[in-house]
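> Sharing a model that was predicted from the sequence below.
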Amino acid sequence: MGGMDELPEYAERVLEVAELIPPGRVMTYGDVAEWLGEGGPRQVGRVMALYGGGVPWWRVVRSDGTLLPGHELRALARYRTEGTPLRQASRSAEGHVPRLDMKRARWEGEGGAGDSGHI
């Protein structure tokens with residue numbers, strides 16, 4: 001009964017929210033927890049670290065817009081493909097990796113299932 005592919009209910013819910021985020025937009029770990037009305041940023045981050053490989057993990061991000069350590073280049077390629085708003089890296093930034101432009105990229109969940117498909 002169950003097996004390796006059965007996820008905890010909370011993890012399933014977090015992953016479902018990740019799949020709702022439109023291309024070119026992001027939600028923070030805290031946004032996802034708030035959307036669910038349960039858990040917090042750390043719990044969402046843990047779910048994404050353990051189970052997020054099958055969903056658009058690059059759309060669930062840190063609130064300061066820094067890219068996920070160790071996954072920066074993979075995430076950056078996705079952001080550029082999707083047209084996610086980015087801010088140029090400062091000269092002091094390690095590797096000069098840009099950050100997400102959180103003011104423009106953050107998705108508040110507007111539209112939802114009844115959306116007409118425009119972003």
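Perfect, I can see it now.

> From Leu68, how far out is the residue nearest in space to the middle of the chain?
Among the residues of the chain, the smallest C-alpha distance to the mean C-alpha position (C-alpha atoms, centre = their mean) belongs to Val60, namely 1.2 Å. Val60 sits 9 Å away from Leu68, taking C-beta to C-beta, to the nearest Å as the criterion. Where you see a C-beta, it was placed from the backbone N, CA and C, and this is true even at glycine.

> Double-check the residue nearest to the centre of the chain against Glu16; I have them as touching.
No. Using C-beta atoms under 8 Å as the test, Val60 is too far from Glu16 to be in contact (11.8 Å).

> what sits against the spatially closest residue to Trp35 that is not a sequence neighbour?
Nearest non-adjacent residue to Trp35, counting by C-beta to C-beta, 6 or more residues apart in numbering: Val17, 5.5 Å away. Residues near Val17 by C-beta atoms under 8 Å, 6 or more residues apart in numbering: 27, 32, 35-36.

> Could you identify which of the residues you listed has the most neighbours?
For those, counting by other C-beta atoms under 10 Å, the largest number of neighbours falls to Val32: 29 neighbours.

> Need the three-state assignment for it.
Three-state assignment for Val32 (DSSP: H, G, I helix; E, B strand; the rest coil): helix.

> burial measure for Arg42, as a count.
The number of residues packed around Arg42, counting by other C-beta under 10 Å, is 11.

> Could you do the one 3 residues further on as well?
As a burial measure, the neighbour count of Gly45 was computed by other C-beta under 10 Å and equals 21.

> Which elements pack onto the helix or strand containing it?
Counting by DSSP states H and E, the element that carries Gly45 is helix 41-51. Based on contacts counted as 3 or more C-beta pairs under 8 Å, 6 or more residues apart in numbering; DSSP states H and E, the elements that helix 41-51 packs against are helix 9-20, helix 29-36.
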